[in-house]
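In: Quick one: sequence and predicted model below, then my questions.
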Amino acid sequence: MDAALLTPEEMGAADRATIAAGTPGILLMERAAAAVAAAAMRLSGDGPIALLAGPGNNGGDAYAAAALLKSAGRAVRLFHLVAKEGLAGDAAIAAGAYDGPAETLSSFRPGDFALVVDGLFGAGLARPLEGEAAAAVDRANAAPVKVLAIDLPSGISGATGAVLGTAVKADATVTFFRRKPGHLLEPGRSYCGEITVADIGISDDVLDTIAPTTFEAGPALFQGRLKVPADAGHKYDRGHAVVFSGPAHQTGAARLAATAALRGGAGLVTVFAPASAVLVVAAQLTAVMLRRCDDAAELRERLADDRLNVFVLGPGFGAGDKARDFAQAVLGAGRRLVLDADGITAFKDEPQALFAAAGEAARGRPGGEPALVLTPHAGEFKRLFPDLAAEDGLSKLDLARRAAARAGAVVVLKGRDTVIAAPDGRAAINASGTAWLATAGTGDVLAGIVAAQLAQGTPSFEAAAAGVWMHGKAAEAFGPGLIAEDLPQMLPKVFAGLCG
Ligand SMILES: NC(=O)C1=CN([C@@H]2O[C@H](COP(=O)(O)OP(=O)(O)OC[C@H]3O[C@@H](n4cnc5c(N)ncnc54)[C@H](O)[C@@H]3O)[C@@H](O)[C@H]2O)[C@@H](O)CC1
Ligand SMILES: [K+]
């Protein structure tokens, strides 16, 4: 459960369960404030610190942190949206215990300080920022002053990462117990700065009842499920992935995916190419094998070999009837399929046909495990799920979850904050990667890495989450100047980090 991300509601439940089990809320607040004060000392040098306090417990944290900083001898001034008398509960207790300078938010001038601690709104943000709060946030953002956010940058939705009205651009954020989806989803993530998760004495046991369904994509989520080559393993134990190539002038994408599948740990990888492309592909492959596959009839013959356990269709393939026929043949044979790029676009006029085939294939698999993994970027997503893409107010998490449930597939909705969702409601958000991934061919590589995990028998959701995370880690390992071809070569480093 280390990978769990909690929605604001789930975090509220974690707080309440802890309080009900005997820890007073004010004690949780004091621990939260201690973590904030420690971060504030680190970030402010010896300079004066402003603390902005809102009307709820986020403001309470600010009062409690102000008291700690003041007693540590730091110069602090607190600016409040609501006077002490207007506070309730733990926030009122914390405010009562603070005896330092307090002024109204309208008198806050960021230029006077080395650090601003933002305790305006956290998990309880319920509507867009406006009036004094919005003006104070805008002043802080416009000034060259460091900002430390308590729990979340004020204005960022913890559930979705959306900016409500305006939001604090923080250099650092201290959150409590577990991160929230809004810390990883854009634009929220870009507003958080460096994120620290502080232990405030909430026991992991509370998660048994909360049963979170959102996670960070990373080793804590998939380790234990991830397949890595066993000591005495045979190459056939690691599966046989097939990547479909496009026509002769469009083979590069399949070769990239195939190389990535092999580097990703698939035991064998074969490119299935149309006759016209066989020579072109042959000239450029070594460890990856090659077979001709011209039409659906030929594909059905090849599918008789049940060692071919996962297929990648889409990169450079062309978005016509052939893509649809091939995808349906693969799913019809009960094999797992990574459908990307043209493979997704091919179903834009009849997505139901794809979803029906995916549903049928899943029903034939142990535990109804999804057979289909869809890897759309936003544009491809819109082609397959136009109504969802057009619906107002859906976060990227909501979109991927709704799409996965409808398609009976694992949906990998790509971007800087790629979301991986399963039909059973689980979803993961990825935070690995660099801006250099926005370059031609990286999606083809991702499809290959995911296929490698599927080939080795990793469950579809974990395979997709692991693939996305590794892809990002490979980019981080390479650094600046990355092109798609560089990614597969970095996978050994990623595995070395994972397997020790
Ligand atoms: N015992 C607990 O529940 C703990 C809570 N903690 C802190 O408490 C925070 C959550 O506290 P709350 O639930 O009180 O929520 P917040 O303090 O985030 O804000 C809720 C208050 O703000 C008002 N509000 C919401 N949006 C507004 C807007 N746009 N403009 C003006 N007013 C607005 C609400 O009506 C409510 O009064 C966490 O983020 C965390 O910082 C920590 O102290 C740890 C323990
Ligand atoms: K805040």
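Out: Noted; the coordinates are in hand. Ligands and ions are numbered 1, 2, ... in the order given.
In: tally of neighbours for the residue lying closest to residue 267 once chain neighbours are set aside?
Out: Spatial nearest neighbour of residue 267, excluding adjacent residues (C-beta to C-beta, 6 or more residues apart in numbering): residue 238 at 3.2 Å. Bear in mind the C-beta positions are built from the backbone N, C-alpha and C, glycine included. Applying other C-beta atoms under 10 Å, we find 20 residues neighbouring residue 238.
In: Over to the one 5 residues further on?
Out: For residue 243, the count of nearby residues is 34 (other C-beta under 10 Å).
In: Pretty sure it sits in a strand.
Out: Yes: when DSSP: H, G, I helix; E, B strand; the rest coil is applied, residue 243 is found to be in a strand.
In: ok, what's across the strand from it?
Out: residue 271, residue 312 (DSSP bridges).
In: Just the buried residues of stretch 244-256, please?
Out: 244, 245, 246, 250, 251, 252, 253, 254, 255, 256 (16 or more other C-beta atoms under 10 Å).
In: just stretch 375-394 next, same as before
Out: Neighbour count says stretch 375-394 has 375, 376, 377, 380, 381, 382, 383, 384, 385, 388 buried, by 16+ other C-beta under 10 Å.
In: In helices, which of the residues you listed fall?
Out: Among these, the members found in helices (DSSP state H) are 380, 381, 382, 383, 384, 388.
In: quick one: low-confidence ranges for the stretch 201-350 of the chain?
Out: Within the stretch 201-350 of the chain, the segments meeting pLDDT under 70 span 227-232, 236.
In: residue of it with the smallest distance to ligand 2?
Out: Residue nearest to ligand 2 within the stretch 201-350 of the chain: residue 202 (18.6 Å; C-beta to the ion).
In: Next up, phi/psi of that residue, please.
Out: phi -90, psi 130 (degrees, to the nearest 10).
In: what about it, how many neighbours?
Out: Neighbour tally, residue 202, other C-beta under 10 Å: 21.
In: Hmm, residue 13 and it touching each other?
Out: No: using C-beta atoms under 8 Å, residue 202 makes no contact with residue 13, being 10.6 Å away.
In: tell me which strands and helices the helix or strand encompassing residue 116 is in contact with?
Out: For residue 116, the enclosing helix or strand under DSSP states H and E is strand 115-119. On a contact count with 3 or more C-beta pairs under 8 Å, 6 or more residues apart in numbering; DSSP states H and E, strand 115-119 meets helix 25-44, strand 49-53, helix 57-71, helix 131-142, strand 146-150.
In: let's go with 7 Å and repeat that
Out: helix 25-44, strand 49-53, helix 57-71, strand 146-150 (3 or more C-beta pairs under 7 Å, 6 or more residues apart in numbering; DSSP states H and E).
In: Now do the most centrally placed residue in the chain, the pLDDT please.
Out: For the chain, the residue nearest the mean C-alpha position is residue 429 (1.6 Å; C-alpha atoms, centre = their mean). pLDDT, residue 429: 98.
In: is it true that it touches residue 180?
Out: No: using C-beta atoms under 7 Å, residue 429 is not in contact with residue 180; the gap is 10.4 Å.
In: Could you give the number of residues near the closest residue to ligand 2 within the stretch 351-500 of the chain?
Out: Evaluated by C-beta to the ion, the stretch 351-500 of the chain has residue 395 as its residue closest to ligand 2, separated by 19.4 Å. Using other C-beta under 10 Å, residue 395 is surrounded by 18 other residues.
In: From residue 421, how far out is it?
Out: Going from residue 395 to residue 421 by C-beta to C-beta, to the nearest Å gives 11 Å.
In: same check, this time on residue 492
Out: 29 Å.
In: Which of those two has more residues huddled nearby?
Out: residue 421 (32 against 12).
In: Quickly list what the more buried one is bridged to.
Out: residue 411, residue 427.
In: Can you name the residues that contact it?
Out: Residues in contact with residue 421 (C-beta atoms under 7 Å, 6 or more residues apart in numbering) are 400, 401, 404, 411, 427.
In: Residues of the stretch 351-500 of the chain that sit close to ligand 2?
Out: Residues of the stretch 351-500 of the chain found near ligand 2 (C-beta under 5 Å from the ion): none.
In: What is the neighbour count of the closest residue to residue 209 other than its chain neighbours?
Out: Spatial nearest neighbour of residue 209, excluding adjacent residues (C-beta to C-beta, 6+ apart): residue 17 at 6.8 Å. Applying other C-beta under 10 Å, we find 18 residues neighbouring residue 17.
In: Hmm, residue 207 and residue 17 touching each other?
Out: No: counting by C-beta under 7 Å, residue 17 stays clear of residue 207, with 9.5 Å between them.
In: Where does residue 338 fall, secondary structure wise?
Out: Secondary structure (DSSP H and E) places residue 338 in strand 336-339.
In: residues making contact with that strand?
Out: Contacts for strand 336-339 (C-beta under 7 Å, 6+ apart): 309-314, 327, 330-331, 371-375, 447, 450-451, 454, 460.
In: Out of the residues you listed, which sit inside helices?
Out: 327, 330, 331, 447, 450, 451, 454, 460.
In: give the contact list for the residue nearest to residue 62 when sequence neighbours are not counted.
Out: Among residues not flanking residue 62 along the chain, residue 119 sits closest, at 2.7 Å (C-beta to C-beta, 6+ apart). With contact set as C-beta under 7 Å, 6+ apart, residue 119 has these partners: 51, 52, 53, 54, 58, 59, 61, 62, 150.
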